[in-house]
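Enquirer: Predicted model and sequence below, questions to follow.
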Amino acid sequence: MIGRERRVGAYLTAEVGIGPDTGKPTLTWTFDQAAIDAEAAGDGWYALLSTLGPDQADAAEVLRLYKGQEAVERRYSAFKGSLAVATLYLKNNRRISALITVICLALLVFCLVERQVRRALALHGTTKVNGLYAGRPAVPTGRLIFQALASFRIVPGTGQSPPVIPQPTPVQIHLLKLLDVDPRDLR
């Protein structure tokens, strides 16, 4: 029963019997080494079905494209979570289309900010921002970047006095440098 539940029935053979000398129950088991070796030969192999023909992509390219789907899935996750898309009831198709356009533009900004920070970090030879996640270094994601900048404030300038940023955190200053943004520059 345990062999079935753990799906090792093809590799493990067990026999229950009674000892001829003692009359006590016995349990003997053996492993089918040939079956184990056959399974091990297929480890790391899996099939990918593609609509691309052999002239469009070889096996390595199909695998690369498959592995790249993770980035797309991560964006859908941001669309469903970080951007806090809530249920709305709209009256006509034009409004639905407009809302989807605005949400997609927000997702684009979300992705571009993440990409810009990661590219700037790569130029400095690193992949993490110190203090970004719970005071520890972390790989910057759109969610973490916007969370770090959420408490950022700017006091608009008046007359001849320039805008002021009251008490930005070191992480916020670092992110703004990586993004190559000076919020006081109103151009």
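Expert: Sure, I can see it. Numbers count the residues shown, from 1 in each chain.

Enquirer: which residue of this structure sits farthest from its center?
Expert: In terms of distance from the mean C-alpha position of the chain, residue 21 ranks first, at 61.7 Å (Cα atoms, centre = their mean).

Enquirer: Give me the mean pLDDT for the helix ranked longest in the chain.
Expert: Counting by DSSP state H, the longest helix found in the chain is helix 93-123. Averaged over helix 93-123, pLDDT sits at 90.

Enquirer: Could you break this structure into its assigned domains?
Expert: Domain assignment for the chain by automatic domain parsing gives 2-41, 81-178.

Enquirer: between those domains, which gets nearest to residue 57?
Expert: When the domains of the chain are compared by Cβ to Cβ, domain 81-178 sits nearest residue 57, at 24.8 Å. Where C-beta positions appear, they are placed from N, C-alpha and C, glycine not excepted.

Enquirer: what about that closest one, distance to the chain center?
Expert: Here the centre of domain 81-178 is set off from its chain's centre by 17 Å, with Cα atoms, centre = their mean, to the nearest Å.

Enquirer: Quick check: which ranges of the chain have low pLDDT?
Expert: Low-confidence segments of the chain, defined by pLDDT under 70: 1-3, 78-87, 186-187.

Enquirer: which residue is nearest the centroid of it?
Expert: residue 74 (4.9 Å).

Enquirer: which helices and strands does the strand or helix carrying it pack with?
Expert: Residue 74 belongs to helix 69-80 when elements are defined using DSSP states H and E. Applying 3 or more Cβ pairs under 8 Å, 6 or more residues apart in numbering; DSSP states H and E, one finds that helix 69-80 makes contact with helix 93-123.

Enquirer: Return the set of buried residues in the following helix or strand past the helix it packs on.
Expert: Sequence-wise, the next helix or strand downstream of helix 93-123 (DSSP H and E) is strand 129-133. Neighbour-count burial for strand 129-133, counted by 16 or more other Cβ atoms under 10 Å, picks out 129, 131-133.
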